[in-house]
Each structure stands twice: as C-alpha cells, then as structure tokens.
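Novice: Predicted model follows, preceded by the sequence.
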Amino acid sequence: LQQLQQTDMLHAIQSRPHRHSLFELDSALASPIPHSSSPISSSSDSLLSSSNSSTNSPRRRSRTDKLDRRLSYNARIFRGMRSSGVKPSADDVQTCRREARDAFTDVSCRESRLHAIDDALDTVDELMLFVPDITASEQDEFFVNELSAFLAWIYSTMRFSGYISCLDAHFRDLKDRFRRLLPAIPYASEQRHLITLRFSQLCLEYAEMVDEESLEWCRVDMEYLDKKISVRERRNSLGKISGIDNYEAEREERRLRDIADRIRCNLERIQLAWRDCCSESRVPEKLV
C-alpha cells in the first residue's frame, strides 16, 4: 500500500508541466555568479542547526558490512588525500560525478546499479569530510557547490530508478547532508542559493517524504533573495549607473530573480502535489 501511495505521488508530480530536472538545472546554472556585498542573514542557519543528524546512509549495508567490503577507488583516493592534508578541488568532484554517472548507465542489472550507487555514496562520505564549517575562499564555495550537484545526482537517480522501498530513509539521508552543506557558505555568496535551489528540486522529487522543516529552509532563502532584489532595485532607481557596471548589475539581478522564482515554483508544486493526493485520500498520514 505504501509503495502504491508513493507511486501515486510520483505520477502527480510528473504530470505537472514544465518540470525542470536536476540535470537541466545544472546546465542552466553552470556558470559562476559574482559575489554580492549584501549583509549575511543567519535565520536559516539557526534552523539548519536546530537538530542533530546522522551522516550515515540509511539505505546502505550496516557499518559492519561496509567494513567487510572494499571501498570504491575514488573513496580510497580521497581518504588518502585527507591523510596527506591535500584538499580536492571542485573539478575533482565534478569528475567523480561524471564517472559515477557513467558507471551507473554502463550496466543494466539491478545489483550492478546498486553497487554503482554504493560506490558513489562511499565517495560522497569521504568528500563530506572536506567540507569546512565556513568556507574561506571562492574555491571552497565551488567545491561545496559541486558536492551538492554530486549528491543531487545520486538521490535523484535513486528516486527515479525504481528504488522506492526506502524513500523515507533516502530523504532523511540527503536532508542530513544538505544540513551540513548549506551553513558552510554565507548568504553573500550566490553559490549558497544555488545549493538551496538544488535542495528544493530534490524536495520536489521526494514530495511524498518532504517535511515542513525542509520547506522552511527553502522559504527563508527565497525570502532573502526577494528582499535582496528589492533593495537593489530601489538603489538602482535612485542612482545613475552606466556602462559595464549597469550591465553587470542587471545581469546579476536577473540571475538572482531566476533562482528565487525556481525555488518558489518548486515549493508551489510540492504543495499542489500534496493537495492532489489529499483530495484522493492517498497521501501518507505524515503529510496530512
């Protein structure tokens, strides 16, 4: 019955027009955005740190079973780098994501695909240990952003590859990981808002499992962007900006507005999917 409810929710989400996949988001938002000098808000960070979370993957084998099997090649490489005090780059994370995607698509049997996902999660476990409490450079921010893209690919792939028996555990796992990523980047960086956008897309993918706390993270970020855009519009209307400065300001404003609108759209579609399932009395009790 639970699998039937989850399938109904999935159909409700997929039937909505203009659905932007995580892969489309990566393509549309691939280029880096200049940093702004707006004040940093901490309201969302307090929400992110409001509860303790486990970093273990609930879907995978037990810790004892994991120790009995050999770690993936990339996981061993990053473990060695950490022991040597060497930090991976954003390009390293992007390369791992591509290799994981190829490893998954190059096989067809279920067991081999599960093994490919396990290897990717092994790699993520090691990469998460490189995430700083607060990023100190643009390179660190790009690293965290690429890691969020890697996570998004893993959990979106599990969501739409027929592995629906552990959806609740999958969502708790991805939420715990984004709880670690988001506070690492200050609000002044657009990289943080891109990560929130990815998380909002995953919330849409897992709409039947998402909770109010997760949606609140997205709402706080969206409201921050709306205020930031409003302040910039008033400032630009009072002053005279010409030439390249005006072009760059308008370009950044368009990008910020696009991120906020995409987050807002994802939240609206989640609420719509919930209402559709509630009206048909097929939504799990936790969402009522």
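Specialist: Good, I have the coordinates. Numbering: from 1, shown residues only.
Novice: CA only for contacts and neighbour counts going forward, please
Specialist: OK.
Novice: Show me where the stretch 151-288 of the chain dips below the pLDDT cut-off.
Specialist: Along the stretch 151-288 of the chain, the parts satisfying pLDDT under 70 run over 238-244, 279-288.
Novice: make it 50
Specialist: For the stretch 151-288 of the chain, the stretches flagged by pLDDT under 50 are 282-288.
Novice: just the helices in it please.
Specialist: Under the criterion DSSP state H, counting those that start in this stretch, the stretch 151-288 of the chain contains helices at 167-181, 190-205, 212-238, 243-279.
Novice: Most tightly packed of these?
Specialist: helix 190-205 (a mean of 24; mean count of other CA atoms under 10 Å).
Novice: May I have that helix exported as CSV, CA atoms only?
Specialist: C-alpha atoms of helix 190-205 as CSV (Å, rounded to 0.1, in the frame of the first residue of the first chain):
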residue,chain,number,x,y,z
GLU,A,190,25.2,33.0,-4.7
GLN,A,191,26.6,29.6,-4.5
ARG,A,192,24.6,29.1,-1.4
HIS,A,193,21.4,29.9,-3.2
LEU,A,194,22.2,27.5,-6.0
ILE,A,195,22.6,24.8,-3.4
THR,A,196,19.2,25.7,-1.9
LEU,A,197,17.7,25.5,-5.4
ARG,A,198,19.1,22.0,-5.8
PHE,A,199,17.7,21.0,-2.5
SER,A,200,14.3,22.4,-3.3
GLN,A,201,14.3,20.4,-6.5
LEU,A,202,15.1,17.3,-4.5
CYS,A,203,12.2,18.1,-2.2
LEU,A,204,10.0,18.1,-5.2
GLU,A,205,11.4,14.8,-6.3
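Novice: okay, the angle between that helix and helix 243-279?
Specialist: Relative orientation of helix 190-205 versus helix 243-279 (axes from the mean of the first three to the mean of the last three CA atoms, to 10 degrees): 20 degrees.
Novice: and Asp118, how many neighbours?
Specialist: 21 (other CA atoms under 10 Å).
Novice: host element of it?
Specialist: Per DSSP states H and E, Asp118 falls inside helix 110-128.
Novice: hmm, back to that, of all the helices of the stretch 151-288 of the chain, which one is nearest Met128?
Specialist: Closest approach to Met128 among those is made by helix 167-181 (8.0 Å; CA to CA).
Novice: which other helices and strands contact that closest one?
Specialist: helix 138-159 (3 or more CA pairs under 8 Å, 6 or more residues apart in numbering; DSSP states H and E).
Novice: re the thing from before, quick one: distance of the helix holding Asp118 to the chain centre.
Specialist: Helix 110-128 has its C-alpha centroid displaced from the chain centroid by 17 Å (CA atoms, centre = their mean, to the nearest Å).
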